[in-house]
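>>> Sequence and predicted structure, then a few things I'm wondering about:
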Amino acid sequence: MHIIVCIKQVPDTEELSKVRINSRTNTLVREGIKSIINPFDENAIEEALRIKERHGGKVTVLSMGPPQAEEALRRALAMGADKAILLSDRSFAGSDTLATSYTLAMGIRKIGEFDLVLLGKQAIDGDTAQVGPGLAEWLNLPQITYVRRIELSSSKIKAERSLEDSFEIVETNLPALLTVTKEINTPRYPSLRGLLKAKKEKITVWTSKDLALDKERIGLDGSPTQVVKIFTPESPKRGKILTGEIPEIADKLISEMKKRKII
Amino acid sequence: MAEIKILAEKCTGCKKCISACPFSAITVEDKKARILSNCTFCGACVSACPFGAILLEREAREADLSSYRGVWIFAEQRNGEIMPITYELLEIGRKLADALGVELSALLFGNGLRKKAEVMLNYELDKIYLVEHPLLAYYRTGPYTRAMVDLIRQKRPEVILMGATSTGRDLAPRVATRLKTGLTADCTGLEIEKGTRNLIQTRPALGGNIMASIISPRHRPQMATVRPRVMKKARPSGNRRGEIIEVKLDFTQEDKMVEVVKFIKEEREIEDLQEAEIIVSGGRGLGKAENFSLIRKLARLLGGAVGASRAVVDAGWIPSYHQVGQTGKTVQPKLYIACGISGAIQHQVGMRNSEIIVAINKDPNAPIFDIATYGIVQDLHKFLPVLIEKLEDEKRR
Ligand SMILES: Cc1cc2nc3c(=O)[nH]c(=O)nc-3n(C[C@H](O)[C@H](O)[C@H](O)COP(=O)(O)OP(=O)(O)OC[C@H]3O[C@@H](n4cnc5c(N)ncnc54)[C@H](O)[C@@H]3O)c2cc1C
Ligand SMILES: Nc1ncnc2c1ncn2[C@@H]1O[C@H](COP(=O)(O)O)[C@@H](O)[C@H]1O
């Protein structure tokens, strides 16, 4: 069983409000911001490791990003992944989800044989959830999104897929691509030994020369969407503090709710 | 849209293209190459062919955008019922179609939906493309993608809106990627730019810390998923002028890659958080898991759902599907009551668009008070029982 997990390095949740915009290029300035593995991608890594522990096989983590994304890959190695590959090239900058999924697809083609591709359900910076299905399309794979539980047999996968107020159980043949939610598991912490070992491990870096890329499909040129404006949302007005003794406050609150026709 | 052709008179069947193709999308039969349906038009074979026998015509950079006309919405149905998002799309779709001076059409896929389509004609729209097939009865990525892509290629709409729901967010990126066009996720604002006919798509990103306006100026159709419960719902107009157009499509086994085994309605104590009009949320200020009973009681009394901050989900006090915020759910109820929640930015981004926010917290400096409509600086263990008692009295009246 060979499982490929696509991971993205994102700004730490705590730092999301500090991310600045380059107003000339309308891209995100990530310098000086603490980075983490996208939280849902950690669930994807964890699930891959559990499958490997149960069924045997190998886990490859793949990321596209600037050189510093190596950090995220190293952490995945420390968790127990076997191999890490970074797709990095200046010409990849400014990729939207179409260009990103194309580049990742070409990376996966170069990797070769695999049984399963796992991704997080969405990245917490762009919040699009589009790279998974896009990648499945480029690779012509069946996709199952929002997966919260899986059951694997030798050639088939059965999954619980979360919907708004319900879920469905679906089944498909391998190879397949899945995006996972945080319900699926609790990611492990890397052990100290894992961290030390990962420090020394080699991370394979592929540039655009290493991949048989169509230049018109990558980076800004390969991205149909253009960000034309970025702004901060209006912050809601501060309201009023209800004061007095507790029963008095409760009465005030109830009468406000009635005025607003909520109760 | 791109097209690829083998020039039979030049092709020698040398198979160089097969090894060059990253997608295994070429075979050689009777000494001639044949391009398969999973071709992505990447062009790797063109440069590999020693005989110039492969012709690839890409959509021109400045493709003839003006041949694309009309606004489409994807009418989502589940188990034969039209989903609420459909009416929200009808409203915003109508506005955009009017701004562009074009028709508004709905796509309805399923099996045995003629009656539902008739009812939809009561809304202000021009056409309903109804595609019926047993494979479409229930949402499946493969056949739905096939059906939508086929229709788009035939009719060439300029704008397509879908719900940012579990269905829309599964389907839209698959369709956009097959068409190699732009897709903007989870939009909260949509308008037409005068002159260019570009769709300006505004959406929150970075957990709501920023808003971005996005266009796809060189590509058609322009595709967007629309966040549920942001747009107004359309009302029936009484002016029936639309027509139903039945479209017949064939499917291959290949279109059906994923089999739906079972559909299960969740038996959760709460209704869907994102559908709830009222949410009562608890945070670490509750002190311990058992105290969630206070939150549950208040929620039940108000007919609302129970929410939670990440801290208490991580502590295992309540399952994660209650979590509101950055890595949890984004909610927008009429009333959000935050009890013992500090209101860190990661929580705020998930709930700050609620109509009314009530915050109960001992600490007057808690950030939650920055966004609260009504702030209550009290110990929740003392305040909530009193509030609950008074609400119970109200009910008895
Ligand atoms: C708020 C917001 C919302 C968006 N919404 C959508 C959407 O709904 N749909 C959509 O399709 N797109 C969306 N995008 C993407 C958008 O279309 C553009 O692609 C975007 O402006 C560029 O992305 P970025 O700023 O995230 O930069 P990124 O492209 O993420 O910038 C970093 C990237 O640069 C590359 N890079 C830079 N330097 C190097 C180097 N030396 N070596 C290797 N790689 C390097 C890496 O690939 C890395 O991923 C959105 C972008 C933003 C900012
Ligand atoms: N640059 C990237 N490199 C690797 N994986 C990515 C990248 N961008 C997105 N992904 C994967 O796609 C998922 C969805 O991301 P998104 O569509 O950006 O919300 C993430 O959880 C990752 O698993």
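Looks like it arrived, so ask away. Ligands and ions are numbered 1, 2, ... in the order given.
>>> what does chain A put close to ligand 1?
Taking C-beta under 6 Å from any ligand atom as the contact definition, chain A meets ligand 1 at A:26-28, A:64-67, A:88-90, A:92-97, A:126, A:128, A:130, A:223, A:225, A:227. (Glycine included, C-beta is placed from N, CA and C.)
>>> try 5 Å this time
Proximity of chain A to ligand 1 (C-beta under 5 Å from any ligand atom) is limited to residues A:27-28, A:65-66, A:88, A:90, A:92-97, A:128, A:223, A:225, A:227.
>>> How about chain B?
Chain B comes close to ligand 1 at residues B:184-185, B:205, B:212, as judged by C-beta under 5 Å from any ligand atom.
>>> By neighbours, which of those wins?
Highest neighbour count within those: B:Thr184, with 31 neighbours (other C-beta atoms under 10 Å in any protein chain shown).
>>> Not counting residues beside it along the chain, what's closest to the residue in the stretch 51-200 of chain A positioned nearest to ligand 2?
Nearest residue of the stretch 51-200 of chain A to ligand 2: A:Gly120, at 2.7 Å (C-beta to the nearest ligand atom). Counting by C-beta to C-beta, 6 or more residues apart in numbering or on different chains, A:Gly120 lies nearest to A:Phe40, which is 2.8 Å off, once chain neighbours are set aside.
>>> and if you look at A:Asp210?
Once flanking residues are discounted, A:Asp210 sits nearest to A:Lys110: 7.0 Å by C-beta to C-beta, 6+ apart.
>>> can you confirm that neighbour is in a strand?
No. Per DSSP: H, G, I helix; E, B strand; the rest coil, A:Lys110 lies outside any strand segment and is helix.
>>> and residue 160, how many residues sit next to it?
Using chain A. 21.
>>> To clarify, I was referring to chain B.
Count around B:Ile160 with other C-beta under 10 Å applied: 29.
>>> B:Ala48 contacts B:Ile18, doesn't it?
No. B:Ala48 is not in contact with B:Ile18 according to C-beta atoms under 8 Å; the separation is 9.2 Å.
>>> what's the pLDDT at residue 165?
Defaulting to chain A. A:Asp165 is assigned 73 on the pLDDT scale.
>>> should've been chain B
As predicted, B:Thr165 sits at a pLDDT of 95.
>>> was I right about A:Lys199 contacting A:Arg74?
Yes. Using C-beta under 8 Å, A:Lys199 makes contact with A:Arg74 at a distance of 7.0 Å.
>>> Which one of these two is surrounded by more residues?
A:Arg74 (20 against 10).
>>> Just say helix, strand or coil for that one.
Once three-state DSSP is applied, A:Arg74 turns out helix.
>>> Looking at it now. What's its pLDDT?
Taking A:Arg74 on its own, its pLDDT is 97.
>>> What is the neighbour count of the residue nearest to A:Asp210?
A:Lys110: 14 neighbours (other C-beta under 10 Å).
>>> mind listing what it touches?
Residues counted as contacts of A:Lys110 (C-beta atoms under 8 Å, 6 or more residues apart in numbering or on different chains) are A:206, A:210-212, B:22.
>>> Can you name every helix or strand that the strand or helix carrying A:Thr145 contacts?
Assigned by DSSP states H and E, A:Thr145 belongs to strand A:143-152. Here strand A:143-152 touches helix A:39-55, helix A:131-138, strand A:156-162, strand A:166-173, strand A:176-180, helix B:168-179, going by 3 or more C-beta pairs under 8 Å, 6 or more residues apart in numbering or on different chains; DSSP states H and E.
>>> Apply 7 Å and report the result again.
If you count contacts as 3 or more C-beta pairs under 7 Å, 6 or more residues apart in numbering or on different chains; DSSP states H and E, strand A:143-152 packs onto helix A:131-138, strand A:156-162, strand A:176-180.
>>> ok, is it in contact with ligand 2 or not?
No. Strand A:143-152 stays clear of ligand 2 (C-beta under 5 Å from any ligand atom), getting no nearer than 9.7 Å.
>>> just the helices in the chain please.
Assuming you mean chain A. A:39-55, A:70-79, A:97-111, A:131-138, A:192-200, A:246-259 (DSSP state H).
>>> think we crossed wires, I meant chain B
Going by DSSP H, chain B shows helices at B:16-20, B:44-48, B:85-100, B:114-120, B:141-155, B:168-179, B:292-302, B:310-314, B:345-351, B:368-371, B:380-396.
>>> okay, the ones you listed, which one's buried deepest?
When you average the neighbours per residue for each of these (mean count of other C-beta atoms under 10 Å in any protein chain shown), helix B:168-179 leads with a mean of 26.
>>> most centrally placed residue in chain B?
For chain B, the residue nearest the mean C-alpha position is B:Ala164 (1.3 Å; C-alpha atoms, centre = their mean).
>>> The residue in the stretch 1-150 of chain B positioned nearest to ligand 2 and A:Gly126, how far apart?
Using C-beta to the nearest ligand atom, the closest approach of the stretch 1-150 of chain B to ligand 2 is made by B:Thr141 at 15.7 Å. Using C-beta to C-beta, to the nearest Å, B:Thr141 is found at 21 Å from A:Gly126.
>>> How about B:Val306?
On the measure of C-beta to C-beta, B:Val306 and A:Gly126 end up 30 Å apart.
>>> Please apply the same query to B:Glu3.
Computed as C-beta to C-beta, the B:Glu3 to A:Gly126 distance reads 32 Å.
>>> more neighbours, these two?
More crowded of B:Glu3 and A:Gly126, by other C-beta under 10 Å: A:Gly126, with 21 against 11.
>>> which residue packs closest to that one, ignoring adjacent ones?
B:Ala205 is the one closest to A:Gly126 (C-beta to C-beta, 6+ apart), at 5.9 Å.
>>> again, but for A:Asp165
Going by C-beta to C-beta, 6+ apart, A:Asp165 has B:Asp272 as its nearest residue, at 4.2 Å.
>>> Can you give me the pLDDT of the one you found?
73.
>>> tally of neighbours for it?
16.
>>> Would you confirm that it contacts A:Leu163?
No. Using C-beta atoms under 7 Å, B:Asp272 is not in contact with A:Leu163, being 9.6 Å away.
>>> hang on, the earlier thing: ok, the residue nearest to A:Gly120 touching A:Asp127?
No. The pair A:Phe40 / A:Asp127 is not scored as a contact, 10.9 Å apart, by C-beta under 7 Å.
>>> Just want to know which of these two has more residues nearby.
Per other C-beta under 10 Å, whichever of A:Phe40 and A:Asp127 has more neighbours is A:Phe40, with 24 against 18.
>>> Please tell me how far that one sits from A:Ser95.
A:Phe40 is 19 Å from A:Ser95, where distance means C-beta to C-beta.
>>> where are the low-confidence patches of the stretch 101-250 of chain A?
Across the stretch 101-250 of chain A, the ranges flagged by pLDDT under 70 are A:234-238.
>>> Spatially nearest residue to B:Leu151, not counting backbone neighbours?
In this structure, B:Leu151 finds its nearest non-sequential neighbour in B:Tyr129, 6.0 Å apart by C-beta to C-beta, 6+ apart.
>>> show me the contacts for that neighbour.
B:Tyr129 makes contacts with B:105, B:107, B:151, B:245, B:247, as judged by C-beta atoms under 7 Å, 6 or more residues apart in numbering or on different chains.
>>> ok, of those residues, which come out buried?
With burial judged by 16 or more other C-beta atoms under 10 Å in any protein chain shown, the buried subset of the contacts of B:Tyr129 is B:105, B:107, B:151, B:247.
>>> Let me know the closest of these to B:Val230.
Of all these, the one with the least separation from B:Val230 (C-beta to C-beta) is B:Leu107, at 21.0 Å.
>>> Quick one, grab the pLDDT at the closest residue to A:Ala72 other than its chain neighbours.
Of all residues not flanking A:Ala72 in the chain, A:Gln9 sits nearest, at 4.0 Å (C-beta to C-beta, 6+ apart). What the model reports as pLDDT for A:Gln9 is 95.
>>> so who does A:Gln9 touch?
Contacts for A:Gln9 (C-beta under 7 Å, 6+ apart) come out as A:35, A:37, A:63, A:65, A:69, A:71-72.
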